[in-house]
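structure here, sequence nowhere to be found:
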């Protein structure tokens, strides 16, 4: 069964450093999402992406964040200058040929900022 | 805006007890509703879903019915096992956002004792 994959599973970085979280969505999916979950809290929407552009972003997704689909398979989330409060689990999700289709979630990347 | 409210946890039950985790929602339009389960240290796994009113989602002995009249999607299981210990998230697809982003509840931790 096709699945969404994410790398790395755990990333430790120092405050102020740039990090790139990588996701490989399901191959024929067209809609992509990033969510995050601060430890012990609920999962929050960050951004959605379609047709090589951001289609919606939350207030969390400020100028420090960016997303990119650099090739036909990867979908990345970049945090330019990490802060302690960026420590969280980041989930990538993808959906088929319509926004109304079910989203499939990856296993997540745990980001720890020290 | 759209929102999901879940009962506070933790919920502690003995093995073979009956489980109910309450979930109510506020939504414009006709969202799909989901239950996700998160085992310790792991990602989000779709447990079950319902896409329209009166639909019943079921999986692994868990059930939930989409009740439009009470705006609820309560999760039930007739006989829980120790292996069901996890955090359970109720979620809806926000059909008003244009991108059908998911809105999650705060999660309910379930602990099942042998």
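The structure has been received and is ready for your questions. Source: prediction; values computed, not measured. Residues are numbered from 1 along each chain as shown, chains lettered A, B, ... in the order given.

so the nearest residue to residue A:111 once chain neighbours are set aside is in which element?
Spatial nearest neighbour of residue A:111, excluding adjacent residues (CB to CB, 6 or more residues apart in numbering or on different chains): residue A:11 at 5.1 Å. The way it works is simple: take the backbone N, C-alpha and C, and place the C-beta from them, glycine included. According to DSSP states H and E, residue A:11 maps onto strand A:10-13.

return the residues of chain B in contact with chain A.
Applying CB under 8 Å from any CB of the partner chain, one finds that chain B approaches chain A through B:32, B:36, B:42-46, B:49, B:89, B:91, B:93, B:95, B:97-107.

switch the cut-off to 6 Å
Applying CB under 6 Å from any CB of the partner chain, we find that chain B lies next to chain A at B:43, B:44, B:97, B:99, B:100, B:101, B:104, B:106, B:107.

residue contacts, residue A:18?
residue A:80 (CB atoms under 6 Å, 6 or more residues apart in numbering or on different chains).

quick one: list the elements packing against the worst-scoring helix or strand of chain A on mean pLDDT.
When each helix and strand of chain A is scored by mean pLDDT, DSSP states H and E, strand A:104-105 comes last, with a mean of 90. Contacts defined by 3 or more CB pairs under 6 Å, 6 or more residues apart in numbering or on different chains; DSSP states H and E place strand A:104-105 against strand A:88-95.

alright, I will stop here.
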